[in-house]
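Asks: starting from these lines, generate the structure:
(4 chains)
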There are 2 protein chains.
Amino acid sequence: MTRLRKRDRQEQILLELRQHPHVRTSDLALRFGVSTETVRRDVEALSGKGLLRRAYGGAAAAPMGAQPPFGERDLARIDERARIGRSAAELVRPGEVLMIDAGSTTHQLALGLAERGRDLTILTNSLAVATALGRNKTFHIVLCPGDFMGPEAAVYGPETLDFLSRYNANRAFIGSSGLTAKGITDANLAAVAVKRTMIRQARGTFLLVDHSKFDVELVATVEPLSMLQGVVTDMQPPFLLREALHRANVRIKLA
Amino acid sequence: MTRLRKRDRQEQILLELRQHPHVRTSDLALRFGVSTETVRRDVEALSGKGLLRRAYGGAAAAPMGAQPPFGERDLARIDERARIGRSAAELVRPGEVLMIDAGSTTHQLALGLAERGRDLTILTNSLAVATALGRNKTFHIVLCPGDFMGPEAAVYGPETLDFLSRYNANRAFIGSSGLTAKGITDANLAAVAVKRTMIRQARGTFLLVDHSKFDVELVATVEPLSMLQGVVTDMQPPFLLREALHRANVRIKLA
DNA sequence: TACAAATTGTGGAAGTTTGCACAACTTTGG
DNA sequence: CCAAAGTTGTGCAAACTTCCACAATTTGTA
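Replies: This is a model prediction of the structure:
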């Protein structure tokens, strides 16, 4: 049963990475009783799925929240997302109250804010966002309650919505898997509910999406475009979408 | 100002490790414009303080929750804590509802439960605990709301207490910085409030402490010994403490 | 059973990192 | 202003990792 053994090994590697942020190829090879080359191939396979990162001499844990829920590997667009996140961070003024959604692009925003922001109050349902912001001591970070979802490293559910409804924010920053002329779309219903609540509790909302989300229509519509104050993205949207955004009075900020 | 530059570099390294779990010596050297040897010396210094881990080719982030809040370096007792955590995991039966406190020992418990536990519902205020449990798909994990504290990777405050008060659990598992004949003691008042609430909302509480906590009296007493169902630890407590535990009808489980 | 596919091991050249000793440089405190 | 302490750079050999192609082995299936 080679297949099983291989899967076991790869599972063990991921397991190990949950406890220690770095594993060494040579150690693993010794532990599994296989050649280093085999371990290297395992690591490469897992790396291709975005479940860990290669590092000289072994592998490192994938950054929290960067794990794609379905296995779509967006590794190629990592730079775009980082640019979008940094760009969105420029929209924030000291002292504001923000709501930040869970997602890899909003995670990049958090990283940017942690460096540049000052005296912010931030409500989020994302552990990755909270952790990223945590190193800035001028921030007041409030984490929402809810049911913890491992793959997204975030909380969802009625407790989350109820909690968010009790707060008001200057701005909300949310991501989504799709953006069409009809509005913001996403596939995860629990996440949609959180996004919708954040949008409603904030004075203005910015959507953070890279160009691969343009004209992607998914099962649920979060809100129509008119609920947005702006979109932060990396490319000019296609004509029809751009027109729709214009009509809805949504500002487009290119990173 | 060599000293300042050095500190800056080391801060940058830790900052970088918050974003990526692994950094490479050669990359850092290039970025800082210093020799790799200098970076290696920085890494070694930080490693000595337990702020990161050395890895072949560079450094890896210290495991989450393992960062000592005050700088006390408990690196030596890591194995003890792991044993205690695993031992405590044996006390849990499938289907139970648990409350788990934030702390490095309870984090070890979470790692153990994630492997062995089944169908548990767990409430916690610790992001590290939630994340560790997250990979077991039979669990229902509920994260508490509250003010996020970076160093502990946990939430505290009135929102946390209020939320916890609305739930009841079969068992609570908590850690503490001190255990005396008078009761459980700790230095962090916000954490004390959370521990106390968990103890009160649970049918029975187990305290997880290693032997270095015996007879340590800190500023705040969480609860008297009589509130405990058991103590999971790695060594027999000294005579007086053992007697007190006996009188309070507290079971001692040695890992 | 036997063949095809998948998985794993081997060996060696090329490239990286490590650890160390010593020199050069910078800062600190008289 | 000088000496001592601290910090950083350099050079090099040893150790380790990577990458590649091909062979050996195991597994799944016709």
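
Asks: roughly how far out does the lowest-mean-pLDDT helix or strand in chain A sit from the chain middle?
Replies: Least confident helix or strand, chain A: helix A:2-19 with a mean of 76, by mean pLDDT, DSSP states H and E. Offset of helix A:2-19 from its chain centre (Cα atoms, centre = their mean, to the nearest Å): 25 Å.

Asks: list of residues touching it?
Replies: A:23, A:28, A:32, A:34, A:38-39, A:42-43, A:45-46, A:51-52, A:59-62, B:63, B:111, B:131-132, B:135 (Cβ atoms under 8 Å, 6 or more residues apart in numbering or on different chains). Yep, even glycine has a C-beta here, placed from its N, CA and C like the rest.

Asks: which parts of the stretch 51-200 of chain A sit against DNA strand C?
Replies: Taking Cβ under 7 Å from any atom of the strand as the contact definition, the stretch 51-200 of chain A meets DNA strand C at residue A:56.

Asks: quick one, helices of the stretch 51-200 of chain A?
Replies: A:78-89, A:104-116, A:127-133, A:158-165, A:189-201 (DSSP state H, counting those that start in this stretch).

Asks: which of those has the lowest average pLDDT?
Replies: Per-stretch mean pLDDT for the helices of the stretch 51-200 of chain A is lowest at helix A:78-89 (a mean of 84).

Asks: now the helices of the stretch 51-200 of chain A as CSV including distance to residue A:222 and mean neighbour count?
Replies: Below are the helices of the stretch 51-200 of chain A laid out as CSV (distance: least, Cβ to Cβ, whole Å; neighbours: other Cβ atoms under 10 Å in any protein chain shown):
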stretch, distance to residue A:222, mean neighbour count
helix A:78-89, 18, 20
helix A:104-116, 14, 24
helix A:127-133, 18, 27
helix A:158-165, 13, 18
helix A:189-201, 5, 21
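
Asks: CSV please, covering those helices and showing distance to residue B:142.
Replies: Shown next, in CSV, are the helices of the stretch 51-200 of chain A (distance: least, Cβ to Cβ, whole Å):
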stretch, distance to residue B:142
helix A:78-89, 29
helix A:104-116, 22
helix A:127-133, 13
helix A:158-165, 7
helix A:189-201, 14
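
Asks: tell me which of these lies nearest to chain B.
Replies: Taking Cβ to the nearest Cβ, helix A:127-133 is the member of the helices of the stretch 51-200 of chain A nearest to chain B, at 4.7 Å.

Asks: of the helices of the stretch 51-200 of chain A, which is nearest residue B:80?
Replies: The closest of those to residue B:80 is helix A:127-133. By Cβ to Cβ, the value is 26.7 Å.

Asks: does any part of the closest one sit near chain B?
Replies: Yes: using Cβ under 8 Å from any Cβ of the partner chain, helix A:127-133 reaches chain B at A:127, A:130, A:131, A:132, A:133.

Asks: just checking, what packs against that helix?
Replies: Under the contact definition 3 or more Cβ pairs under 8 Å, 6 or more residues apart in numbering or on different chains; DSSP states H and E, helix A:127-133 sits against helix A:104-116, strand A:121-124, strand A:140-143, strand A:154-156, helix B:2-19, helix B:127-133.

Asks: show me what the third one is in contact with.
Replies: Contacts with strand A:140-143, where a contact means Cβ under 8 Å, 6+ apart, come from A:120-125, A:127, A:130, A:133-134, A:155, A:167, B:127, B:143, B:145-148, B:150, B:155, B:159.

Asks: okay, the closest residue in space to residue A:130 that isn't next to it in sequence and residue B:224: tell me how far apart.
Replies: Leaving aside its sequence neighbours, residue A:130 sits nearest to residue B:148 (Cβ to Cβ, 6 or more residues apart in numbering or on different chains; 4.7 Å). Distance of residue B:148 to residue B:224, given as Cβ to Cβ, to the nearest Å: 31 Å.

Asks: neighbours of whichever residue of the stretch 151-255 of chain A sits closest to chain B, how many?
Replies: Relative to chain B, the nearest point of the stretch 151-255 of chain A is residue A:155 (5.0 Å; Cβ to the nearest Cβ). Look at residue A:155: counted by other Cβ atoms under 10 Å in any protein chain shown, it has 28 neighbours.

Asks: OK, contacts around residue A:138?
Replies: Residue A:138 sits in contact with A:117, A:118, A:119, A:120, where contact means Cβ under 8 Å, 6+ apart.

Asks: so which of those residues would you say is closest to DNA strand C?
Replies: residue A:118 (28.6 Å; Cβ to the nearest atom of the strand).

Asks: quick one: contacts for residue A:169?
Replies: By Cβ under 8 Å, 6+ apart, the neighbours of residue A:169 are A:96, A:97, A:98, A:99, A:123, A:198, A:201, A:202, A:203.

Asks: cool, residue A:147 as well?
Replies: A:155, A:156, A:157, A:159, A:160, B:140, B:141, B:142, B:143.

Asks: I'd guessed the fifth one sits against residue A:126; true?
Replies: Spelled out, that is residue A:160. No: the criterion here is Cβ atoms under 8 Å, and residue A:160 misses it with residue A:126 at 10.9 Å.

Asks: so, low pLDDT: which residues of chain A?
Replies: A:1-4, A:63-79 (pLDDT under 70).

Asks: repeat that for 80
Replies: By pLDDT under 80, the low-scoring segments of chain A are A:1-5, A:15, A:18-19, A:49-50, A:62-80, A:135, A:151.

Asks: and which of the residues of helix A:127-133 next to chain B is nearest residue A:83?
Replies: Nearest to residue A:83 among the residues of helix A:127-133 next to chain B: residue A:132, at 16.4 Å, using Cβ to Cβ.

Asks: now that closest one. Nearest residue, chain neighbours left out?
Replies: Nearest to residue A:132 is residue A:110, by Cβ to Cβ, 6+ apart, at 3.9 Å.

Asks: ditto for residue A:150
Replies: residue B:134 (2.9 Å).

Asks: do residue A:219 as well
Replies: residue A:187 (5.5 Å).

Asks: gap between that neighbour and residue A:144?
Replies: Shown here: residue A:187 relative to residue A:144, a distance of 21 Å by Cβ to Cβ.

Asks: same drill for these two, tell me which one is more crowded.
Replies: residue A:144 (31 against 15).

Asks: what's the spacing between the closest residue to the more buried one other than its chain neighbours and residue A:20?
Replies: Spatial nearest neighbour of residue A:144, excluding adjacent residues (Cβ to Cβ, 6+ apart): residue A:125 at 4.4 Å. The gap separating residue A:125 from residue A:20 is 28 Å, by Cβ to Cβ.

Asks: over to residue A:38?
Replies: Distance from residue A:38 to residue A:20, by Cβ to Cβ: 20 Å.

Asks: next: residue A:236.
Replies: In terms of Cβ to Cβ, residue A:236 sits 44 Å off from residue A:20.

Asks: residue A:125 and residue A:20: who's more crowded?
Replies: Using other Cβ under 10 Å as the criterion, residue A:125 and residue A:20 rank with residue A:125 on top: 32 against 18.

Asks: correct me, but residue A:187 touches residue A:176?
Replies: No: the pair residue A:187 / residue A:176 is not scored as a contact, 9.5 Å apart, by Cβ under 8 Å.

Asks: residue contacts, residue A:201?
Replies: A:99, A:164, A:165, A:167, A:168, A:169, A:172.

Asks: correction: the previous question concerned residue A:126.
Replies: Contacts of residue A:126 (Cβ under 8 Å, 6+ apart): A:65, A:100, A:101, A:102, A:103, A:106, A:107, A:110, A:152, A:153, A:154.

Asks: redo that, cut-off 10 Å
Replies: Going by Cβ atoms under 10 Å, 6 or more residues apart in numbering or on different chains, residue A:126 touches A:64-65, A:100-104, A:106-107, A:110, A:132-133, A:143-144, A:152-155, A:194.
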